[in-house]
Each structure stands twice: as C-alpha cells, then as structure tokens.
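Peer 1: Next one to model:
(one chain, ligands or ions: 1)
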Amino acid sequence: MTVTQDKYILKVDGLGVTYGNVVAVKNVGFGVLQGEIFGLLGPNGAGKTSTLSAIESLIKFKTGTIEVDGYDVQQKPLHARASMGVQLQSTSFQSELNVIQILQLFSGIYGVPMTKDKINQVLDEIGLADAGKKKFGQLSGGQQQRVSLVIATIHNPKLVLLDEPTTGLDPQSRRQLWERIEAIRDKGHSVLLTTHSMEEAEAVCDRIAIIDHGTVVAVDTPEALINRHKDDPEVIAVSRRGKVTLEDVFIALTGKTVRA
Ligand SMILES: Nc1ncnc2c1ncn2[C@@H]1O[C@H](COP(=O)(O)OP(=O)(O)OP(=O)(O)O)[C@@H](O)[C@H]1O
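Peer 2: The predicted structure follows:
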C-alpha cells in the first residue's frame, strides 16, 4: 500500500439518501486514503450504489457531506467531478467504434488528447496491442473492462470509482483486472470499489467497509476484521471446513437472510 501521510481523498460523513419513503442510506461515514483500494461491501439493497451515486453527484442526498480531494460535491460539483474517474458500463460505449476510436473520443471529451504513440503505449499496457482496430463489441468482457478502466483514469483523477468491476468475468480475466486496479493504486490514485466477492475484497482491498441496511457496520483491513471476529460464536457457526474467511465474518455481521 502506498498511502501518503494519511491524506483522505474521499471523505463521506453522515450521509443519508432517501427515495420517497425508502431510506436507502443512513448516517454513512468513511474515508478513502490516498493510494489505497477501499472496498464497499454489503448484501443486495444495502445502499452501496446509492452511496456511489451520491459521491458521483448523480443523486441529491438528504443529509451529510461528501468531499473529494477537498471539494464538497454539493458546493463545488465541477471541481469534485474533475477529481474522479468513473468506470462506465460496457453498454455506455458505442460497440461499432474500435478501441482506438473510443480512446480518441474519450480523451477528446476529457480534454487530454492522446498521441498515436501514447495510444499504442496504453494498448500495450492493457494487453491489447493487437486489438486497437477491433470493434468494442467484439472484445471479450475482460478486454472491455480493461478499456473502460483506462477511460476512467484518462484524466488522471485522484479517485477512481468502480461499481462491481469484475462481475461476470472468468478467473483469468478477474485476476488480470485486479492487477490493473492495483497498478492504478500503485500510481497513487485512490480506488473505491463495490463488490459482492469476499475473495476479491480479501485479495485486492487495503481496507473495506461493510454496509448493511444503509448503515456502516464495520471498517478495517480484511485481515483485522477476520482477526477481530474469528473467535465470535456467530462466525464459527457459519465457517466452513474449519477456516474462518472474510465471508464468514460478513455473514455473521449481516445475517444469513437472503435479501430481495
Ligand atoms: N431509484 C430508486 N427508487 C426507490 N428505491 C430505490 C432506488 N434505488 C435504490 N432504491 C432502494 O434503496 C435501497 C438501497 O439500494 P442500493 O441499490 O443502493 O443497494 P446496493 O447495496 O447497491 O444493492 P445491490 O447489491 O443489489 O446493487 C434498496 O432498498 C433499494 O430498493
């Protein structure tokens, strides 16, 4: 982890999000340090996407404050947004454009033009050196995710937001994407990701927050959470084959009930 002097790039404090009568997020608070991968974990409907949407200023929130690189997202939305990169869904890209055209398009939109050499270098870095002329729609899921990660970081944002980045990928593509995410972290960016995979959280996240029913129930490193709870009777009761994992801690903290 390359955390620099505990500088928070993202600060969420007392966040509350409601949709009509539905309370989606209640008094959520956490911070993401410079140069760390922070995971937001929670069962279906826990409030992860609502929290990300509030950070991205896609929805108005009822209570609390959010600061990105020191900019309040409500007071200085343009500054805050310029400090963030968001991984777009693959459906957001025109499938008929080829990879080079997509990189050119988005570098133009973000105002950071890329030379031919720079594009080749980027393609090489993400293992797509021979795929520049391939249409986006012809790429595999893993390749599409790698292109969309590049787009999310094209303007060198301090904070990168990834909503379930590896869902649907095979183990090889998932590992490759983890390495890309770690490379982004190692360049000094902060990454906030959501995931349902406890294995992923243990493998790549420096710290995690577990959120349930719209509230944060735990924040720490995956190892510290396992160590703190490994002897809890609830954790031992759900553990399998004698080994306590982050998933056991997660289930013990959030319950076994399947959410709608
Ligand atoms: N646009 C909306 N209108 C009404 N209720 C909503 C809306 N979006 C989310 N909700 C509700 O807010 C709560 C939190 O949803 P949210 O999508 O933030 O959870 P999540 O943790 O991202 O879930 P998942 O893991 O299933 O994506 C849920 O009860 C959900 O039904």
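
Peer 1: Flag every residue of the stretch 1-150 of the chain that's near the ligand.
Peer 2: Contact residues (C-beta under 6 Å from any ligand atom) of the stretch 1-150 of the chain with the ligand: 19, 22, 24, 42, 44, 45, 46, 47, 48, 49, 50. For every residue, glycine as well, the C-beta is placed using N, CA and C.

Peer 1: Now the buried members of those.
Peer 2: Buried members of those, scored by 16 or more other C-beta atoms under 10 Å, are 24, 42, 46, 47, 48, 49, 50.

Peer 1: Identify those among those that sit within helices.
Peer 2: In helices, defined here by DSSP state H, the members of those are 48, 49, 50.

Peer 1: Low-confidence bits of the stretch 1-150 of the chain, can you list those?
Peer 2: Along the stretch 1-150 of the chain, segments meeting pLDDT under 70 span 1-5.

Peer 1: one more time with 80, if that's ok
Peer 2: Counting by pLDDT under 80, the stretch 1-150 of the chain shows low-confidence ranges at 1-6, 89-91.

Peer 1: Show me where it has its helices.
Peer 2: For the stretch 1-150 of the chain, applying DSSP state H, counting those that start in this stretch gives helices covering 48-55, 77-82, 99-109, 116-125, 141-152.

Peer 1: which of those is buried the deepest?
Peer 2: The highest mean neighbour count among the helices of the stretch 1-150 of the chain, using mean count of other C-beta atoms under 10 Å, belongs to helix 48-55: a mean of 23.

Peer 1: Packing partners of that helix?
Peer 2: Judged by 3 or more C-beta pairs under 8 Å, 6 or more residues apart in numbering; DSSP states H and E, the packing partners of helix 48-55 are strand 8-19, strand 22-33, strand 37-41, strand 63-68, strand 159-163, strand 190-195.

Peer 1: Now do it against strand 190-195, angle only.
Peer 2: What separates the directions of helix 48-55 and strand 190-195 is an angle of 150 degrees, with axes from the mean of the first three to the mean of the last three C-alpha atoms, to 10 degrees.

Peer 1: what's the angle between helix 48-55 and strand 22-33?
Peer 2: Between helix 48-55 and strand 22-33, the angle comes out at 70 degrees (the same axes, to 10 degrees).

Peer 1: could we number from 445 for the rest of this?
Peer 2: That works, and once the first residue is 445, the last one we named lands at helix 492-499.

Peer 1: Distance from the chain centre to helix 492-499, please.
Peer 2: 11 Å (C-alpha atoms, centre = their mean, to the nearest Å).

Peer 1: And stretch 678-689, by the same measure?
Peer 2: Offset of stretch 678-689 from its chain centre (C-alpha atoms, centre = their mean): 27 Å.

Peer 1: Then stretch 656-673?
Peer 2: Computed by C-alpha atoms, centre = their mean, the chain-centroid distance of stretch 656-673 equals 17 Å.

Peer 1: go on, stretch 630-645?
Peer 2: Worked out by C-alpha atoms, centre = their mean, stretch 630-645 lies 5 Å from the chain centre.

Peer 1: Name the residues of it that are buried.
Peer 2: Per 16+ other C-beta under 10 Å, stretch 630-645 contains these buried residues: 633, 634, 635, 636, 637, 638, 639, 641, 642, 644, 645.
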